[in-house]
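Undergrad: Attaching a predicted model along with its sequence, questions to come.
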Amino acid sequence: MGSSANHGRVRGDFVRPSLILLAALAGLLATPPARAADGDQACLACHGAPGLTKDLPDGEKLVLQVDGATFAKSVHTGVGCAGCHSDIDPGSHPPSRKDIRNGRDYAIASAEVCRGCHEDKFKEWEGSVHGALARTGNVWGPLCTGCHNQHAVMKGAAATLEGMPCQRCHQEITKAYLGSVHAQARQKPETSYAPLCSGCHSAHAIKPVVSDAGPRSACVGCHADVAEKHQAWLPNTGLHLDVVTCPACHVPGAQRQVDLMIYDNQSKAQVAGQQGVPVFEPRPGAAPADQSLDALALWRMVTALNPKDNPGSVTLRGRLEVRTGPQAHQLADKGKAVSNCSTCHREGSDVFQNVTISIAGADGRRIRQEASPGVLTSVISTASVGGFYAIGGTRIGLLDILIALAFLGGMGFVVAHGGMRIAFKRYLMAHPEVAAGAHAGAHPPEGGDKKA
């Protein structure tokens, strides 16, 4: 009864002998010996059996099947089973006594095996957004086997539209990309070099393209003549290319916004996390649904972030961009790009009403806080957004006048102070007795009474 009841079950860390014999027979039939190296046939005799799994303590099933025909075509076929599974003793296997709590633990251990041969790629991954996610314990942070099936790694497969591993997690962005000018160009022989995901984000050292440098840094890798082509028709070309992201004009139907990055002028980098004060704390008295930053809160935040001994070191860097990641990948043909200045540069434009404030997160992506409508066009904002605001950009006359007055006021103080110094110096030169008296008062004779 006991033997019959347990027949065919995976129990503990071993597979019952009856199943081993069946699996071996199925494996020999499923994978002809000629398709894989002779040294791997003993492994594939069992692991080539369809449906071979291992029950894990958390209820997951670890897939143990390896398709022999696929493995024979992979880049790892020359390494062989023992090359990666050196901890398995063929003489005593099965059973396996590995303590595997769940699939994630097994994937982490597998990544360390990959590191043995691919140390350079592993270091790139460690510095990537994927590596940062994994370090924080995020179970969705991709590891090596999250993008690569270790038994079916085919050379060049990831460099095809069908083989892009990114689409497993980023389905919505993949759908947007497949409708873009890049994907369409890639399907034509003459432009088959058009970028895939890794062309802009790299394969292992994956960084958010929305970091400090912005999408332009990725685009100019292929479009090196972008400045020259825009200068033919676009006023203030350099400024536009610095503060307007490429998708903002090359995705015609996208929603646009201004993102104000909190930027440290000394380190030349976006501020990461908090610097002494909570950056995005709830506003006292505000309803949970209305926690956006208004103009006064923005000014107070920027003021608080600046050290007392170096005011002005932390500023805001504005950038016009599209609102979502999928929209950023819906790049259209250049003939459909927005070229009408009034799309943004008109009074009441939605672009200047949709504003976010951002800092750099631990994984390199930006953490955003919504700002209240009108935060850019408020009188209070002149001090906090003056570092990037271009006079005339919003077509709001009052704000332009205030910005100009603030600029002229600052320049006027410098000019007035310098003028007074020059005038006083000339006065002293014309009245040497006054100069002598002033010098004597500043430097009393030695031994004299210095008290007032």
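TA: Received, thanks.

Undergrad: drop to CA atoms for contacts and neighbour counts, all remaining ones
TA: OK.

Undergrad: Show me the helices in the stretch 101-250 of the chain, by range?
TA: 103-117, 119-126, 129-135, 144-147, 171-178, 181-186, 197-201, 215-219, 226-231, 237-243, 246-250 (DSSP state H, counting those that start in this stretch).

Undergrad: how about TSV for those, with mean pLDDT added?
TA: Output for these, formatted as TSV (pLDDT from 0 to 100):
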stretch	mean pLDDT
helix 103-117	94
helix 119-126	96
helix 129-135	91
helix 144-147	93
helix 171-178	95
helix 181-186	94
helix 197-201	90
helix 215-219	77
helix 226-231	91
helix 237-243	86
helix 246-250	93
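
Undergrad: To Asp55, which of these lies closest?
TA: Asp55 lies closest, by C-alpha to C-alpha, to one member of the helices of the stretch 101-250 of the chain: helix 103-117, at 10.3 Å.

Undergrad: can you list the weak-confidence ranges in the stretch 1-150 of the chain?
TA: The model of the stretch 1-150 of the chain has pLDDT under 70 over residues 1-37.

Undergrad: swap in the stretch 201-350 of the chain?
TA: For the stretch 201-350 of the chain, the ranges with pLDDT under 70 are 210-215, 273-291.

Undergrad: just so I have it, where are all the strands in it?
TA: Per DSSP state E, counting those that start in this stretch, the stretch 201-350 of the chain carries strands over the ranges 256-264, 269-270, 314-322.

Undergrad: closest to Pro90 out of these?
TA: strand 269-270 (53.6 Å).

Undergrad: hang on, the earlier thing: possible to save the strands of the stretch 201-350 of the chain as CSV with distance to Arg300 and mean neighbour count?
TA: Putting the strands of the stretch 201-350 of the chain into CSV (distance: least, C-alpha to C-alpha, whole Å; neighbours: other C-alpha atoms under 10 Å) gives the following:
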stretch, distance to Arg300, mean neighbour count
strand 256-264, 13, 23
strand 269-270, 18, 19
strand 314-322, 12, 23
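
Undergrad: Generate JSON lines for those, with distance to Met164 as supplementary columns.
TA: Listed next are the strands of the stretch 201-350 of the chain as JSON lines, based on distance: least, C-alpha to C-alpha, whole Å:
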{"stretch": "strand 256-264", "distance to Met164": "28"}
{"stretch": "strand 269-270", "distance to Met164": "31"}
{"stretch": "strand 314-322", "distance to Met164": "24"}
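
Undergrad: Of all those, which one comes closest to Ser292?
TA: Closest of the strands of the stretch 201-350 of the chain to Ser292 is strand 256-264, at 13.4 Å (criterion: C-alpha to C-alpha).

Undergrad: Compute the inter-axis angle for that closest one and strand 314-322.
TA: 150 degrees (axes from the mean of the first three to the mean of the last three C-alpha atoms, to 10 degrees).

Undergrad: OK, contacts around Met261?
TA: Gln270, Val271, Leu316, Arg317, Gly318, Arg319, Ile357, Ser358, Ile359 (C-alpha atoms under 8 Å, 6 or more residues apart in numbering).

Undergrad: Double-check the third one against Val258; I have them as touching.
TA: No. Because the distance of 11.4 Å does not satisfy C-alpha atoms under 8 Å, Leu316 is recorded as not touching Val258.

Undergrad: Work out the gap between stretch 300-313 and the centre of the chain.
TA: In this view, stretch 300-313 has its centroid 26 Å away from the chain centroid, taken as C-alpha atoms, centre = their mean, to the nearest Å.

Undergrad: which stretches of the stretch 1-150 of the chain form strands?
TA: Counting by DSSP E, counting those that start in this stretch, the stretch 1-150 of the chain has these strands, from start to end: 10-11, 14-15, 53-55, 61-63.

Undergrad: what's the third one packed up against?
TA: When contacts are defined as 3 or more C-alpha pairs under 8 Å, 6 or more residues apart in numbering; DSSP states H and E, strand 53-55 packs onto strand 10-11, strand 61-63.

Undergrad: Which strands or helices does the longest one pack on?
TA: Okay, so that is strand 61-63. By 3+ C-alpha pairs under 8 Å, 6+ apart, strand 61-63 packs against strand 53-55.

Undergrad: Buried residues of the strand it packs on, list them for me.
TA: For strand 53-55, a neighbour-count test (16 or more other C-alpha atoms under 10 Å) marks Thr53, Lys54, Asp55 as buried.

Undergrad: what's the closest non-adjacent residue to the first one?
TA: What that stands for is Thr53. Closest residue to Thr53 apart from its sequence neighbours, by C-alpha to C-alpha, 6 or more residues apart in numbering: Val63 at 4.5 Å.

Undergrad: now swap in Ala218 and tell me
TA: Closest residue to Ala218 in three dimensions, ignoring its sequence neighbours and counting by C-alpha to C-alpha, 6+ apart: Cys200, at 5.5 Å.
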